[in-house]
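Enquirer: my questions concern the predicted model and sequence given below.
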Amino acid sequence: MDRVQEAPKVVLPTDCKNLFANRASRMDALAHVQDGPMGPYLGFLAHVCRAQSKVFNQADAEPVSPALLQNSREHGMPPVADLVFNRAAQWRADLKSLLSSLAEEDKLEESLRSEAKAFVAHLERDPNQVESLADAILTGAVLENTDARRVPFVGAALQVYFTRIAQALPVADVQNADVQSLCPCCGSRPTASVVHMEPDRSNARYLYCSLCQTEWNMERVKCSSCYKEGGIAYLIIDTDPKAATKAAVRAETCDDCKTYLKIFIQEKDPLLDVMADDIGSLALDMLVDEKGYTRTGPNLLLYPGSE
């Protein structure tokens, strides 16, 4: 009798240039069906994701010290977590390349190209302030309006830098993380979770890192914040009860800790992309927020209240 194949515990990002390019295509597709200001914003993010794809292969992955990798293997500590891993200046080079690419994109609105050019000048003039902005984004600090407008640029560059590192790591080095709500690679919170349809992890739920694109397995119908099961419910936009079983995008709410995180069902829409469809479904966030639940995971391409 064949043994049932066990779903992998951790899945590190692969083929990341195509990952970002495919995300750009999904952003474009969602932009065409969105009403109001989110359509243009998704179109703008499609350009940002294409710039991520372009920048990704322009540098090698930053090496991670053997001590951090050993600590991860032996004690379950994410090896590139913000508290232990000092990101190098390469991430700012990624940011500059990304901004320069956007500044030269003739299909992008002039105001956005000008914003990218101005940010390049600011980056060169005051790199320490930009580092502080990156720290604030990674820790979820409250930002001033000017900084908030720059979140998609900085978030995109940080994703390129940390995804490059994650892709280069042996999966054995990140298998032992024991804090289920945090990425086993970089220690960041997940943007959402995905129920997959691929043969090796069919019907398994994976949390998706907001920073380095790593995925890690977590059993279904369990709160990704407090780990309790009894208070779990699912909300969708459609009020038709029959729609609940067909919805590809749902909010998994927990009445024990009054938090939520979106869950994407790949079988219902194989073209789903976590970052793109999360932004494309902000109406669901508004609905769940009105019911008193607090979202636990960020999307580094969007600052709440910036649009």
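Expert: Structure's in. What do you need? Residues are numbered from 1 along each chain as shown.
Enquirer: against which helices or strands is the helix or strand hosting Asp135 packed?
Expert: Here Asp135, judged by DSSP states H and E, is contained in helix 127-139. For helix 127-139, the contact count by 3 or more Cβ pairs under 8 Å, 6 or more residues apart in numbering; DSSP states H and E identifies helix 90-103, helix 110-125, helix 151-168 as packing neighbours. Just so you know, the C-beta spots here come from the backbone N, C-alpha and C atoms, and that holds for glycine as well.
Enquirer: repeat that for 6 Å
Expert: helix 151-168 (3 or more Cβ pairs under 6 Å, 6 or more residues apart in numbering; DSSP states H and E).
Enquirer: got the buried residues for the helix it packs on?
Expert: 151-167 (16 or more other Cβ atoms under 10 Å).
Enquirer: and the gap between the residue lying closest to Asp285 once chain neighbours are set aside and Asn145?
Expert: Residue nearest to Asp285 in three dimensions, not counting chain neighbours: Arg295, with 6.5 Å by Cβ to Cβ, 6 or more residues apart in numbering. For Arg295, the distance to Asn145 (Cβ to Cβ, to the nearest Å) stands at 21 Å.
Enquirer: these two: who's more crowded?
Expert: Per other Cβ atoms under 10 Å, whichever of Arg295 and Asn145 has more neighbours is Arg295, with 19 against 9.
Enquirer: where exactly do the strands run in the stretch 201-307 of the chain?
Expert: Applying DSSP state E, counting those that start in this stretch to the stretch 201-307 of the chain gives strands spanning 205-209, 215-217, 232-235, 249-254, 259-265, 294-295.
Enquirer: do you know the pLDDT at the nearest residue to Trp91 once chain neighbours are set aside?
Expert: Nearest residue to Trp91 in three dimensions, chain neighbours excluded: Tyr161, at 3.8 Å (Cβ to Cβ, 6+ apart). Tyr161 is assigned 98 on the pLDDT scale.
Enquirer: now stretch 111-128, how far from the chain's geometric center?
Expert: 24 Å (Cα atoms, centre = their mean, to the nearest Å).
Enquirer: can I get it in PDB, CA atoms only?
Expert: Written as PDB, here are the backbone C-alpha positions of stretch 111-128 (Å, rounded to 0.1, in the frame of the first residue of the first chain):
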ATOM      1  CA  SER A 111       2.900  62.200 -11.000                       C
ATOM      2  CA  LEU A 112       4.000  58.700 -10.000                       C
ATOM      3  CA  ARG A 113       7.100  58.900 -12.100                       C
ATOM      4  CA  SER A 114       7.900  62.200 -10.400                       C
ATOM      5  CA  GLU A 115       7.300  60.700  -7.000                       C
ATOM      6  CA  ALA A 116       9.800  57.900  -7.900                       C
ATOM      7  CA  LYS A 117      12.400  60.400  -9.100                       C
ATOM      8  CA  ALA A 118      12.000  62.500  -5.900                       C
ATOM      9  CA  PHE A 119      12.300  59.400  -3.700                       C
ATOM     10  CA  VAL A 120      15.600  58.500  -5.500                       C
ATOM     11  CA  ALA A 121      17.000  61.900  -4.600                       C
ATOM     12  CA  HIS A 122      15.800  61.500  -1.000                       C
ATOM     13  CA  LEU A 123      17.300  58.100  -0.800                       C
ATOM     14  CA  GLU A 124      20.700  59.400  -1.900                       C
ATOM     15  CA  ARG A 125      20.400  62.500   0.400                       C
ATOM     16  CA  ASP A 126      19.300  60.700   3.600                       C
ATOM     17  CA  PRO A 127      19.700  56.900   3.500                       C
ATOM     18  CA  ASN A 128      19.400  56.700   7.300                       C
END
